[in-house]
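A.B. asks: Below are the sequence and a predicted model for it; my questions follow.
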Amino acid sequence: MELFLKKFTTNHNTAPFCKIKLSDYKVAFEKTIALARNEISNITNNIEAPTFQNTIEALDYSGEQLDRLSSIFFNLNSAETCDEMQKIAQEVSPLLTEFSNDIALNEELFKRVKAVYDQKDILELTTEQATLLDKKFKGFSRNGALLSEEDKLKLREIDTELAKLKLTFGENVLAETNNYQLHITNEADLKGLPDGTKEMAASLAKSKNLEGWIFTLDFPSYLPFVTYVENRELRKEIAIAAGKKSFQDNEFDNKENVKRIVELRHKRANLLGYQSHSHFVLEERMAQNPEKVQSFLNDLLEKAKPAAQKEFAELTDFAAALDGIDQLEKWDGAYYSEKLKQKLFSLDDELLKPYFKLENVLNGAFTIAEKLFRITFKEVFDIDKYHEDVQTFEVLDFEGKLVSIFYSDFFPRKGKRNGAWMTSYKPQYIKDGINERPHVSIVCNFTPPTETKPSLLTFNEVTTLFHEFGHALHGMLANTTYPSLSGTSVYWDFVELPSQVMENWCYEPEALALFAKHYETGEIIPQQYVEKIKESASFLEGMATLRQLSFGILDMTYHGKSQTIADVKVFEKQAMEIASLYPDVEENCMSTSFSHIFQGGYSSGYYSYKWAEVLDADAFAYFQEKGIFNKEVATKFKDNVLSKGGTELPMELYKKFRGQEPKVEALLKRAGLI
């Protein structure tokens with residue numbers, strides 16, 4: 001398909017979504033892979049001696065059309081998929097795996113890379129060039145270039161199977177999410193549920209030609225249900241349904257996929273000379289090795305567990321006093337937490353939601369970015385979208401120059417996976433003197449507008465938007481020479497710093513005054529609400545920390561050493577026991593829908609959320625010290641973190657910004673754990 005063989009003729013070279021037909025993808029992948037192969041051949045067949053420019057640089061700039069096609073196709077497979085698209089994904093994934101293996105295992109190419117690497121000490125390289133050279137060399141040495149022919153073949157087989165398994169895992173979770181609905185016809189069963197959620201559920205039922213209300217496992221439907229509905233049996237029903245996704249011995253079951261993915265990852269690591277998948281992964285992380293991660297998780301566990309157990313006991317006592325509940329279950333957690341929060345702080349999401357109209361919150365994020373980083377956002381209508389819900393923006397600097405294209409996609413729908421994420425349709429890089437600007441997107445599943453109300457966000461959705469917007473800023477403000485070092489292409493346990501640090505502005509009166517305005521009256525959020533938001537920020541923080549740690553521990557238990565898993569459920573239960581508070585639910589298993597580690601890129605990396613919290617608490621403490629809109633601190637953050645991508649070691653970049661290494665005390669203090 002010719003469309004993908006050269007630059008698009010669209011405004012700012014944006015993705016021409018409306019011109020792409022599903023039937024075009026397979027041929028387009030075949031042709032762009034052939035183009036990329038040709039570029040690799042030109043490097044290996046070059047009769048001149050290997051240099052940084054003709055080998056390392058040429059390699060990084062190769063495959064531009066294929067990368068562009070892949071980002072468009074796989075982003076849409078997450079945000080706007082269908083059965084046909086999933087079938088194409090299963091067909092093209094092996095082709096892409098084969099191609100990436102052909103590069104990683106190409107002896108002639110590796111010889112040229114190694115020839116440049118061997119003379120790195122006498123080459124006068126910039127810091128970014130030295131980082132790129134190191135990355136390219138390790139890309140080969142860590143991915144099989146030094147293996148025998150027989151072992152290279154084994155590696156290819158493992159990688160092909162893993163690529164397909166990860167896709168299947170994600171498809172199964174999406175199918176299970178879409179297949180469940182809770183249909184309620186008796187309004188008395190919905191006692192306690194906010195009107196907005198009820199209206200949304202009625203609208204969904206109407207769209208399916210049904211009476212009453214429909215609830216699904218999409219977060220804007222599921223979370224309010226388990227948080228507010230008084231009917232404990234119905235909360236139990238939907239909570240168990242959420243917990244048994246792909247754990248039902250049906251065609252979408254993921255138990256065997258989990259076992260096989262773990263087994264293959266260990267085999268792959270062993271084949272490459274590593275003790276475990278975690279040892280392989282963490283070599284290229286700030287944490288460096290599994291021992292350091294385990295020590296980090298255990299240290300936090302030791303500090304958080306007493307607080308979590310105390311909070312859980314208080315919550316149990318509260319539920320007993322309120323409703324005579326003698327044993328708190330998982331479907332009670334959100335419900336009684338919300339009730340206790342209302343009692344302690346006279347604060348609930350329904351009180352706050354009118355102040356968080358989606359458009360205002362998004363504009364608030366834009367205004368804060370403008371104050372900090374001197375960029376503006378202008379909605380435009382001449383850029384193609386893949387769905388009518390998507391908004392498109394030009395991001396400009398104060399001189400009117402294009403910084404980035406920004407897409408936002410906020411509401412749940414059938415072809416969209418759950419959760420929230422930032423992604424990119426085109427990276428930033430500099431080539432032939434032209435600074436190619438990035439095209440960045442954030443995708444969320446927020447409460448949609450109803451017939452009578454605009455989209456009003458819970459405070460949790462507000463922080464989610466700011467979180468993803470922080471990732472987006474990392475992509476948008478990128479300013480590096482090479483595409484593979486640009487934007488969010490950083491060590492995985494550093495990537496959450498920009499996103500998590502942005503959440504802090506949601507708690508600051510000075511920032512809230514910019515966007516937290518009542519959607520009907522325009523009144524700025526009352527000061528007592530702001531104080532209560534700040535007060536409640538560390539509410540049940542011990543329990544929340546323990547929950548995050550349990551996920552990190554499970555991830556490391558799967559990937560930290562080679563093992564045979566007889567029963568996924570038993571394995572999971574034993575791994576998470578040390579950080580568990582609620583009784584186990586026999587019908588549920590988290591692993592079979594733990595997409596972060598079995599479909600996404602977080603295997604041996606889930607700990608990085610907590611790791612980055614240490615960085616973000618320490619970084620924001622610097623802003624607080626100097627002023628949350630302090631230009632000097634913001635410029636340091638932009639120049640040393642947001643714009644630099646992966647051009648230097650993360651700790652070096654952090655120290656250039658902060659002047660010191662981060663202190664874990666900043667996190668413990670913020671969380672109220674010390």
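C.D. replies: Sure thing, it's come through.
A.B. asks: Going by C-alpha atoms from here, please, whenever you check contacts or count neighbours.
C.D. replies: Will do.
A.B. asks: So Thr376 belongs to a strand, correct?
C.D. replies: Yes. Counting by DSSP: H, G, I helix; E, B strand; the rest coil, Thr376 is found in a strand.
A.B. asks: So it sits against Val395, correct?
C.D. replies: Yes. If you go by C-alpha atoms under 8 Å, Thr376 and Val395 touch, sitting 5.6 Å apart.
A.B. asks: All the strands of this protein, residue numbers only.
C.D. replies: Here the chain has its strands, by DSSP state E, at 182-184, 213-215, 375-379, 391-397, 402-409, 421-426, 429-431, 434-436, 439-443.
A.B. asks: any chance of those in CSV, with mean pLDDT, distance to Val664 and mean neighbour count too?
C.D. replies: Listed next are the strands of the chain as CSV, based on pLDDT from 0 to 100; distance: least, C-alpha to C-alpha, whole Å; neighbours: other C-alpha atoms under 10 Å:
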stretch, mean pLDDT, distance to Val664, mean neighbour count
strand 182-184, 98, 43, 17
strand 213-215, 98, 41, 23
strand 375-379, 98, 32, 18
strand 391-397, 98, 35, 19
strand 402-409, 98, 34, 23
strand 421-426, 97, 26, 22
strand 429-431, 97, 34, 16
strand 434-436, 97, 38, 15
strand 439-443, 98, 30, 25
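A.B. asks: Tell me which of those lies nearest to Pro449.
C.D. replies: strand 402-409 (13.6 Å; C-alpha to C-alpha).
A.B. asks: Against Leu362, how distant is Phe393?
C.D. replies: Phe393 sits 12 Å away from Leu362, taking C-alpha to C-alpha, to the nearest Å as the criterion.
A.B. asks: for the chain, what are the low-confidence residue spans?
C.D. replies: 1 (pLDDT under 70).
A.B. asks: In it, which residue is most central in space?
C.D. replies: Closest residue to the average C-alpha location of the chain: Trp421 at 4.5 Å, with C-alpha atoms, centre = their mean.
A.B. asks: ok, for that one, nearest residue in space, not its chain neighbours?
C.D. replies: Spatial nearest neighbour of Trp421, chain neighbours left out: Val443 (5.4 Å); criterion: C-alpha to C-alpha, 6 or more residues apart in numbering.
A.B. asks: Dig out what that neighbour forms beta bridges with.
C.D. replies: Beta-bridge partners recorded for Val443 (DSSP bridges): Asp409, Trp421.
A.B. asks: Any idea how many residues pack against the nearest residue to Lys561 once chain neighbours are set aside?
C.D. replies: By the measure of C-alpha to C-alpha, 6+ apart, the closest residue to Lys561 outside its immediate chain neighbours is Ser276, 5.0 Å from it. Ser276 has 23 neighbours, counted by other C-alpha atoms under 10 Å.
A.B. asks: Ser276 touches Gly560, doesn't it?
C.D. replies: Yes. Counting by C-alpha under 8 Å, Ser276 does reach Gly560; the two are 5.8 Å apart.
A.B. asks: ok, the residue lying closest to Asn231 once chain neighbours are set aside - contacts?
C.D. replies: Using C-alpha to C-alpha, 6+ apart and skipping residues adjacent in sequence, the residue nearest Asn231 is Asp189, 6.2 Å away. By C-alpha atoms under 8 Å, 6 or more residues apart in numbering, the contact list for Asp189 reads 229-231, 234.
A.B. asks: By residue count, tell me the biggest helix in this protein.
C.D. replies: Secondary structure of the chain per DSSP state H: the longest helix is helix 290-323.
A.B. asks: got the buried residues for stretch 59-75?
C.D. replies: Residues of stretch 59-75 classed as buried: 59-60, 62-75 (neighbour count, 16 or more other C-alpha atoms under 10 Å).
A.B. asks: Take the residues you listed and keep only those in helices.
C.D. replies: If you go by DSSP H, the buried residues of stretch 59-75 have 59-60, 64-75 in helices.
A.B. asks: returning to that earlier point: ok now do the residue nearest to Lys561, which residues does it touch?
C.D. replies: By C-alpha under 8 Å, 6+ apart, Ser276 lies in contact with 266, 269-270, 559-562.
A.B. asks: from the residues you listed, which is closest to Asp409?
C.D. replies: When the contacts of Ser276 are compared for distance to Asp409 (C-alpha to C-alpha), His559 wins out at 33.3 Å.
A.B. asks: Report the contact partners of that closest one.
C.D. replies: Per C-alpha under 8 Å, 6+ apart, neighbours of His559: 262, 265-266, 276-278, 603-604.
A.B. asks: Leu497 now?
C.D. replies: By C-alpha under 8 Å, 6+ apart, the residues touching Leu497 are 612-613, 615-616.
A.B. asks: about what we covered before: enumerate the positions of the longest helix of the chain that are buried.
C.D. replies: Across helix 290-323, burial judged by 16+ other C-alpha under 10 Å covers 290, 293-294, 296-297, 300-301, 303-305, 307-309, 311-312, 315-319.
A.B. asks: One more: stretch 498-514?
C.D. replies: Buried residues in stretch 498-514 (16+ other C-alpha under 10 Å): 498-509, 511-514.
A.B. asks: neighbouring contacts of that stretch?
C.D. replies: Residues contacting stretch 498-514 (C-alpha under 8 Å, 6+ apart): 364, 367-368, 462-464, 466-471, 473-474, 524-525, 527, 530, 533-534, 612-613, 616-617, 619-620, 628, 641-642.
A.B. asks: Can you give me the end-to-end span of it?
C.D. replies: Distance between the boundary residues of stretch 498-514 (C-alpha to C-alpha) amounts to 21 Å.
A.B. asks: Would you pull up how far it lies from the middle of the chain?
C.D. replies: The chain centre lies 19 Å from the centre of stretch 498-514; the measure is C-alpha atoms, centre = their mean, to the nearest Å.
A.B. asks: Quick one: list the elements packing against the longest helix of the chain.
C.D. replies: helix 277-282, helix 330-345, helix 541-559 (3 or more C-alpha pairs under 8 Å, 6 or more residues apart in numbering; DSSP states H and E).
A.B. asks: residues in contact with Phe73?
C.D. replies: Counting by C-alpha under 8 Å, 6+ apart, Phe73 has contacts Tyr25.
A.B. asks: can we see that at 10 Å?
C.D. replies: Contact partners of Phe73, counting by C-alpha atoms under 10 Å, 6 or more residues apart in numbering, are 20, 22, 25, 29, 67, 80-81, 85, 88-89, 425.
A.B. asks: Verify the stated contact: Ser538 with Arg670.
C.D. replies: Yes. Counting by C-alpha atoms under 10 Å, Ser538 does reach Arg670; the two are 7.4 Å apart.
A.B. asks: what ranges do the helices span in the stretch 451-600 of the chain?
C.D. replies: Counting by DSSP state H, counting those that start in this stretch, the stretch 451-600 of the chain has helices at residues 459-476, 496-503, 509-515, 527-535, 541-559, 568-576, 595-598.
A.B. asks: Thank you, goodbye.
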